[in-house]
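A.B. asks: this is the structure alone, sequence omitted:
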């Protein structure tokens, strides 16, 4: 029997928000990961493109945020600025439609630093963006890493490759080991990525590894744009 969002522990406020987006039932990856994330387990999940991975972590992250604390509680790392923008827009939409006072900030490279610093002064609960800029702000004490309880690594296969894994590890090390929850999601995860992810977990992770495949509903296309317009597409 197919489970509902209520069955897997999603709050009434967020269920209402999902209905406004015409989302009625959880996908397989959401059904399999949300209860474990809510329970505080470290999670390594693989699910096909378009399967709802963003909500699989955003919904439980929203429920774990203590809005009475004006400080960063979750960092979401993405390999591209475009994905960071998409995640941030979904976070803002959830906050608006649910009425929950969860604040998020988009922190990416090649963007105005002062505007981002001004956003951080609003004490966002969720920091979303690129590892390099986030690590820089942590080093400058603009992001209080000691209050971060959850780190999400989206498209983990790319974030844990040879070009990015050291920066991810550096960010993880700035947070408190005993209270840190790690969540890794991707459409593909090779053995090296799984090992790197597991090594960052202080307790054994829960695995949710669907078969790697490309859904037939996905259409590939390319949009040519100037670099300055890229972020708006």
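C.D. replies: Okay, I see it. Every value quoted in this text rests on a predicted model; they were computed, and no experiment measured them. Numbering: from 1, shown residues only.

A.B. asks: and the longest helix for this protein?
C.D. replies: helix 81-98 (DSSP state H).

A.B. asks: can you name the next helix or strand after that one?
C.D. replies: Next helix or strand after helix 81-98 toward the C-terminus (DSSP states H and E): strand 104-107.

A.B. asks: sheet partners, orientation included, of that following strand?
C.D. replies: strand 126-129 (parallel) (DSSP bridges).

A.B. asks: got a list of contacts for the partner strand?
C.D. replies: For strand 126-129, the external contacting residues (C-beta atoms under 8 Å, 6 or more residues apart in numbering) are 61, 65, 72-78, 81, 84, 87-88, 91, 102-108, 134, 143, 148. C-beta coordinates here come from the backbone N, C-alpha and C atoms, glycine included.

A.B. asks: in the longest helix of the chain, which residues are buried?
C.D. replies: Neighbour counts over helix 81-98 (16 or more other C-beta atoms under 10 Å) mark 81, 83-85, 87-88, 90-91, 94-95, 97-98 as buried.

A.B. asks: average pLDDT for it?
C.D. replies: For helix 81-98, mean pLDDT rounds to 98.

A.B. asks: before we move on, what about stretch 162-182?
C.D. replies: Averaging pLDDT along stretch 162-182 yields 96.

A.B. asks: residues of it that come out buried?
C.D. replies: Neighbour counts using 16+ other C-beta under 10 Å place 164-165, 167-168, 171-172, 174-175, 180-182 of stretch 162-182 among the buried residues.

A.B. asks: just the ones of those in strands?
C.D. replies: Residues of the buried residues of stretch 162-182 located in strands (DSSP state E): 181-182.

A.B. asks: now, the buried residues of stretch 162-182 that are in helices?
C.D. replies: Residues of the buried residues of stretch 162-182 located in helices (DSSP H): 165, 167-168, 171-172.

A.B. asks: could you dump these to JSON lines with distance to residue 38?
C.D. replies: Listed next are these as JSON lines, based on distance: C-beta to C-beta, whole Å:
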{"residue": "165", "distance to residue 38": "27"}
{"residue": "167", "distance to residue 38": "28"}
{"residue": "168", "distance to residue 38": "23"}
{"residue": "171", "distance to residue 38": "23"}
{"residue": "172", "distance to residue 38": "21"}
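
A.B. asks: closest to residue 193 among the residues you listed?
C.D. replies: Closest to residue 193 out of these is residue 165 (8.6 Å), distances taken as C-beta to C-beta.

A.B. asks: contact partners for the closest one?
C.D. replies: Going by C-beta under 8 Å, 6+ apart, residue 165 touches 159, 196.

A.B. asks: quick check: it vs residue 158, distance?
C.D. replies: As defined by C-beta to C-beta, to the nearest Å, residue 165 lies at a distance of 10 Å from residue 158.

A.B. asks: ditto for residue 48
C.D. replies: For residue 48, the distance to residue 158 - C-beta to C-beta - is 16 Å.

A.B. asks: try residue 73
C.D. replies: From residue 73 over to residue 158 (counting by C-beta to C-beta), the distance is 25 Å.

A.B. asks: list the buried residues for stretch 22-36?
C.D. replies: 26-27, 29-36.

A.B. asks: for residue 134, which residues are in contact?
C.D. replies: Residue 134 touches 75, 77, 107, 127, 143, 171, counting by C-beta under 8 Å, 6+ apart.

A.B. asks: lowest-confidence helix or strand of this protein?
C.D. replies: The helix or strand of the chain with the poorest confidence is strand 206-209; it has a mean of 91 (mean pLDDT, DSSP states H and E).
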